[in-house]
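Asker: sharing a model that was predicted from the sequence below.
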Amino acid sequence: MEGSLTVGRVAEPARVSVRTPHHHDEVGLVWPSARTAAGYRAHAAPDVERLPGALAHRPLGLGPREIADPVDGPATDA
């Protein structure tokens with residue numbers, strides 16, 4: 001798990017609560033690469049790169065399921 005980030009370390013620079021990455025994981029928008037032996041989410045760099053794209057669509061009033069399409073689309077530029 002070396003080099004992985006906890007949910008708190010992912011949420012802090014994005015200025016969101018830890019509940020936001022948890023929720024995004026639950027709905028399949030931003031998910032962790034692994035889980036620790038204790039069951040904690042462990043995010044790698046590619047996981048974290050999805051978060052700004054997901055957050056950028058929030059002001060449009062889109063829910064996480066509607067956001068997944070533009071974030072995953074081929075025209076999306078990280």
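Answerer: Now that the structure is in, tell me what you want to look at.
Asker: what stretches of the protein score poorly on pLDDT?
Answerer: Scanning the chain with the threshold set as pLDDT under 70 gives 1-2, 64-65, 68-78.
Asker: try it again at 50.
Answerer: Within the chain, the stretches falling below the threshold (pLDDT under 50) are 70, 73, 75-78.
Asker: tell me how far stretch 35-54 is from the chain's mean position?
Answerer: How far stretch 35-54 lies from its chain's middle: 6 Å, per Cα atoms, centre = their mean, to the nearest Å.
Asker: what sits against Arg41?
Answerer: Each residue near Arg41 by Cβ atoms under 8 Å, 6 or more residues apart in numbering is listed here: Thr6, Val7, Pro21, His22, Asp25, Pro32, Arg35. Every C-beta, even on glycine, is put in place using the N, C-alpha and C of the backbone.
Asker: look up phi and psi at the nearest residue to the fourth one once chain neighbours are set aside.
Answerer: The shortest distance from His22 to any residue that is not its chain neighbour, by Cβ to Cβ, 6 or more residues apart in numbering, is 6.4 Å, and that residue is Val7. Geometry field for Val7 lists phi and psi as phi -60, psi -40, criterion degrees, to the nearest 10.
Asker: would you agree Val7 is in contact with Val18?
Answerer: Yes - at 4.8 Å, Val7 and Val18 qualify as touching, with contact defined as Cβ atoms under 8 Å.
Asker: more crowded one of the two?
Answerer: Of the pair Val7 and Val18, Val7 is the one with more neighbours under other Cβ atoms under 10 Å, namely 19 against 15.
Asker: just the buried residues of the longest helix along the chain, please?
Answerer: Scanning the chain for the helix with the most residues, using DSSP state H, yields helix 45-56. Buried residues in helix 45-56, counted by 16 or more other Cβ atoms under 10 Å: Asp47, Val48, Arg50, Leu51, Gly53, Ala54, Leu55.
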